[in-house]
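1. everything below, folded, please.
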Amino acid sequence: MKMRVSAVQYHLHTIKSFAEFAAQVEHYVRTAEEFGSDFVLFPELFTTQLMSIGDGDRKALDIQELPNFTDDYVRLFTELAKSTKMHLIGGTHIIREGDRLYNTAYLFYPDGRIGTQKKLHITPTEVKEWDMAAGDSLQIFDTEKGRIAVLICYDIEFPEIVRMAKARGADVIFCPSCTDDRHGFHRVRYSCHARTIENQVYVVTTGTVGSLPTVDFMRGNFGQGAILTPNDVPFPPRGIMAEGEINDDMIITGDLDLSLLYQVRESGSVTTWRDRRIDLYPDWK
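-> As a prediction, the model looks like this:
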């Protein structure tokens, strides 16, 4: 089985209306459609751009107001997924459940179905500044192209959760991210590489670029999309199938051959998944 994936390096800039946001989203989606992509990945927290619309005094909206856009956001991506026949991973959006906020990834299927994955590990900034709550379960998504998981930024830095995703059959991990400096960016990027080696899976990641001068904690962004593979003979030598230009507004695209994963798991130069020592440490159910 093969799947073509695109990752959007989403350019954050101040906007005046939801219509501007929708037009920018559609531009990226239509571009990926021209490349014949099966999956399109948007970054974490890219909908914070909506906060820059501001109030009547031109002051940016508060994070507590971002969930008010959820219905419009879901409607936009649902319609685009249906019209393009692509799977759209709509980055993440902040939703409200009761009195709690959750940083939540959405998977929009071409047939109108919607899957969600809450961020499981919350950064100190998200807790202190935005009072964000953590999700409590890992979702695995079955698609006509294969089984996938969506782990959000900080989540990819925890090997255990990716091991669980692989144990439950995920061959591709999508990692929407948002980092504001080189240190954060490289923490996520190096972790993505490690997870491909440990679990012999593909990882597709991307981040926000640009800036939102009026939105607290979104003034700086350091991002790059990448399609990463295990480091073995069938794949590129550095484990990088494709990567964008750092901090540029662009889309990258590549083809994932799932059969190669099964090949290296069975007879690769190393067989890290098969050779895990479950006599020394527990396997994941």
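2. how near is the residue most central in space within the chain to Thr214?
-> Central residue of the chain (Cα atoms, centre = their mean): Pro176, 2.1 Å from the mean position. Distance, Pro176 to Thr214, using Cβ to Cβ, to the nearest Å: 23 Å. Quick note: C-beta positions are derived from backbone N, CA and C, even for glycine.
3. over to Gln49?
-> The gap separating Gln49 from Thr214 is 11 Å, by Cβ to Cβ.
4. and Val8, that one's in a strand?
-> Yes - secondary structure of Val8 (DSSP: H, G, I helix; E, B strand; the rest coil): part of a strand.
5. which residues touch the residue lying closest to it once chain neighbours are set aside?
-> Once flanking residues are discounted, Val8 sits nearest to Tyr28: 4.7 Å by Cβ to Cβ, 6 or more residues apart in numbering. Applying Cβ atoms under 8 Å, 6 or more residues apart in numbering to Tyr28 gives the contacts 8, 10, 40, 42, 251.
6. relative to Leu61, which of those residues is nearest.
-> Minimum distance to Leu61 across the contacts of Tyr28 is 18.4 Å, recorded for Tyr10 (Cβ to Cβ).
7. skip the chain neighbours and tell me the closest residue to the closest one.
-> Using Cβ to Cβ, 6+ apart and skipping residues adjacent in sequence, the residue nearest Tyr10 is Phe46, 4.5 Å away.
8. need phi/psi at that neighbour.
-> Note on Phe46: backbone dihedrals following degrees, to the nearest 10 are phi -70, psi -20.
9. if we can go back for a sec, list phi and psi for the nearest residue to the residue nearest to the centre of the chain once chain neighbours are set aside.
-> For Pro176, ignoring the flanking residues on the chain, the nearest one in space by Cβ to Cβ, 6+ apart is Glu44 at 4.2 Å. Main-chain dihedrals, Glu44, degrees, to the nearest 10: phi -60, psi 140.
10. what bits of the stretch 1-150 of the chain have low per-residue confidence?
-> Within the stretch 1-150 of the chain, no range satisfies pLDDT under 70.
11. residues near Gly112, how many?
-> Applying other Cβ atoms under 10 Å, we find 10 residues neighbouring Gly112.
12. OK, contacts around it?
-> Going by Cβ under 8 Å, 6+ apart, Gly112 touches 78, 81-82.
13. now, of these, which are buried?
-> Listed as buried from these are 78, 81; burial here means 16 or more other Cβ atoms under 10 Å.
14. what separation do you get for Val215 and Gly90?
-> Using Cβ to Cβ, Val215 is found at 19 Å from Gly90.
15. so which of those two has more stuff around it?
-> Higher neighbour count among Val215 and Gly90: Gly90, with 28 against 20, using other Cβ under 10 Å.
16. just checking, the more buried one touches Phe108?
-> Yes - Gly90 is within contact range of Phe108, at 6.1 Å (criterion: Cβ atoms under 8 Å).
17. which neighbours do the two have in common?
-> Common neighbours of Gly90 and Phe108 are listed as Phe77 (criterion: Cβ under 8 Å, 6+ apart).
18. and the strands in the stretch 1-150 of the chain?
-> Using DSSP state E, counting those that start in this stretch, the strands found in the stretch 1-150 of the chain span residues 2-9, 11-12, 39-41, 87-97, 100-108, 114-118, 132-133, 141-143, 146-150.
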